[in-house]
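Asker: got a predicted structure plus its sequence, pasted below:
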Amino acid sequence: MLNPQWLDTFKVLVETGNFTRTAEQRFMTQPGVSQHIKKLEEACGCELVIRLGKGIELTEQGQRVYDYAQSLSKHEQALIESLKFDAPYEGQCVIGCSGALAQRLYPVLIELQVAHPSLSIHLEVAPNRTILNSIHASTLELGIVTQQP
C-alpha cells in the first residue's frame with residue numbers, strides 16, 4: 001500500500017511544479033518533500049518525475065500515479081460529503097396519514113414551517129394501504145398508519 005502522505009506530497013508537487021512551493025504548501029522542508037518523492041518512487045519501483053532545475057517533468061508512470069492520487073482525493077472528498085447529515089430543518093418532507101390524524105398534525109406542522117422557513121412539509125391524507133404503498137414506492141418520507149399492516 002502506498003503511503004497517503006507521500007501521494008499527497010507528490011500530487012501537490014505535480015500541481016505546483018516546484019519543490020519549494022510544495023514544501024511551503026505542505027508545511028515541510030524541501031528535503032522532506034524530496035524524501036517523500038524518493039520513498040514513493042522506491043515503493044512504486046520506478047522514476048515518477050524528472051528533475052529539471054527547480055521544476056519537474058512527469059514520466060509516464062508518474063502521470064499514472066498522479067491520476068491515481070487525484071482519484072483517491074476525489075473519492076475521499078465524496079466519502080466525507082456522504083457522511084454529512086442533512087440539516088434537519090431544511091428541504092422538503094412528504095408525510096402521509098389518515099384524515100383524523102392529519103387534523104391533529106396540521107397545526108403542529110404549520111408551526112414547524114413558520115419557525116423554519118427553509119422547511120417545506122407536504123401532508124397527504126390517504127387510507128392505510130395507500131400510505132404503505134407510497135412508503136414502498138419512496139414517494140413519502142414518513143407514513144403514519146393507524147392499523148397494523
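Answerer: Here it is on my side, so go on.

Asker: so what's the residue of the chain positioned farthest from its centre closest to, chain neighbours aside?
Answerer: Distance from the C-alpha centroid of the chain, by C-alpha atoms, centre = their mean, peaks at residue 100 (41.4 Å). Nearest non-adjacent residue to residue 100, counting by C-beta to C-beta, 6 or more residues apart in numbering: residue 146, 7.8 Å away. For the C-beta atoms, the positions are set from N, CA and C on the backbone; glycine is no exception.

Asker: still on that earlier bit, element containing the residue farthest from the centre of the chain, please.
Answerer: Assigned by DSSP states H and E, residue 100 belongs to helix 99-115.

Asker: just residue 67 next, same as before
Answerer: Assigned by DSSP H and E, residue 67 belongs to helix 60-83.

Asker: now could you export just the CA positions of the next helix or strand after that helix as CSV?
Answerer: Counting by DSSP H and E, the element after helix 60-83 in chain order, helix or strand, is strand 91-97. Extracted in CSV, the C-alpha atoms of strand 91-97 (Å, rounded to 0.1, in the frame of the first residue of the first chain):
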residue,chain,number,x,y,z
GLY,A,91,-35.7,20.8,2.4
GLN,A,92,-38.9,19.0,1.6
CYS,A,93,-40.7,16.3,3.6
VAL,A,94,-43.8,14.5,2.5
ILE,A,95,-45.9,12.9,5.2
GLY,A,96,-48.9,10.6,4.7
CYS,A,97,-51.5,9.8,7.4
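
Asker: got the angle for strand 91-97 vs helix 99-115?
Answerer: Put simply, strand 91-97 runs at 160 degrees to helix 99-115, going by axes from the mean of the first three to the mean of the last three C-alpha atoms, to 10 degrees.
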